[in-house]
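A.B. asks: need coordinates for the below:
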Amino acid sequence: MSTQDKVLILHGWGGSDAPHWQAELAGTVAKAYGTVSFPLLDNCHFPSKNRWVKQLKEILEDFKPDTIVCHSLATTLWFWFCNESDIQQEVSQVKRLFLVSPPSLTTEVDTIKTFFPCTLPENLNAKKIQIIVSDNDPYIEVKEAQMMADHYDIPLNIIKNAGHINEDSGYGKWEYIEKLVLDRS
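C.D. replies: Modelled structure (predicted):
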């Protein structure tokens, strides 16, 4: 990441307030003189897919990120966004996309039911993509995460015993994701 790169951090269901690793990452990027946007998506505790997709389009149009970091439901949001037909102009500059703890494409949770089921988009519209999951995430099996990675021929990084990779599983400050995002190569 150069100091001119713009990093967009998208939270999942319920937000990612401190001490969540996404809040820590936003601070770390800013301390490194990077440009970061960490918006609170609309009604994060009772999200609506259509409202979130609309809001994401506006954010991308205004901020024009180089790097996008999605956690949990934000990965599903990204899939829905990429399934839209007219997005090329909004995401043509995305260099790196990190998808952390994507939930199953067939998640059955009433509060977030507007997001599911979800199909994988043909293209994730980024130059370099990584999926990061835990081997004991309650929202996705490693087998399904591997299927997602294989679908796009991208790396799948599996972390041992990390749960949903959030503050509840001990992921406040997370040096691994900070290193990946701040990597200047």
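A.B. asks: ranges for the strands of this protein?
C.D. replies: Along the chain, the stretches classed as strands by DSSP state E are 6-10, 35-37, 67-71, 96-100, 128-134, 156-159.
A.B. asks: pLDDT on the last one, on average?
C.D. replies: Think strand 156-159. The predicted model assigns strand 156-159 a mean pLDDT of 97.
A.B. asks: what ranges do the helices span in this protein?
C.D. replies: Listed from the start of the chain, the chain has helices (DSSP state H) covering 21-31, 49-63, 73-83, 88-91, 142-152, 175-182.
A.B. asks: for the fourth one, give the mean pLDDT please.
C.D. replies: Put plainly, it is helix 88-91. Rounded to a whole number, the mean pLDDT of helix 88-91 is 58.
A.B. asks: what do you get for stretch 118-128?
C.D. replies: In this model, stretch 118-128 has a mean pLDDT of 94.
A.B. asks: chain center to it: distance?
C.D. replies: Stretch 118-128 has its C-alpha centroid displaced from the chain centroid by 12 Å (C-alpha atoms, centre = their mean, to the nearest Å).
A.B. asks: confidence score at residue 57?
C.D. replies: For residue 57, the pLDDT comes out at 93.
A.B. asks: is it true that it touches residue 81?
C.D. replies: Yes: at 7.3 Å, residue 57 and residue 81 qualify as touching, with contact defined as C-beta atoms under 8 Å. From N, CA and C alone the C-beta is placed, and that goes for glycine too.
A.B. asks: if you count surrounding residues, which of the two has more?
C.D. replies: Regarding residue 57 and residue 81, a neighbour count based on other C-beta atoms under 10 Å identifies residue 81 as having more, with 23 against 16.
A.B. asks: just confirm the more buried one contacts residue 53, I think it does.
C.D. replies: Yes: applying C-beta under 8 Å, one finds residue 81 in contact with residue 53, separated by 5.6 Å.
A.B. asks: mind checking pLDDT for the nearest residue to residue 157 once chain neighbours are set aside?
C.D. replies: The spatially closest residue to residue 157, leaving aside those adjacent along the chain, is residue 132, at 4.5 Å (C-beta to C-beta, 6 or more residues apart in numbering). What the model reports for residue 132 is a pLDDT of 98.
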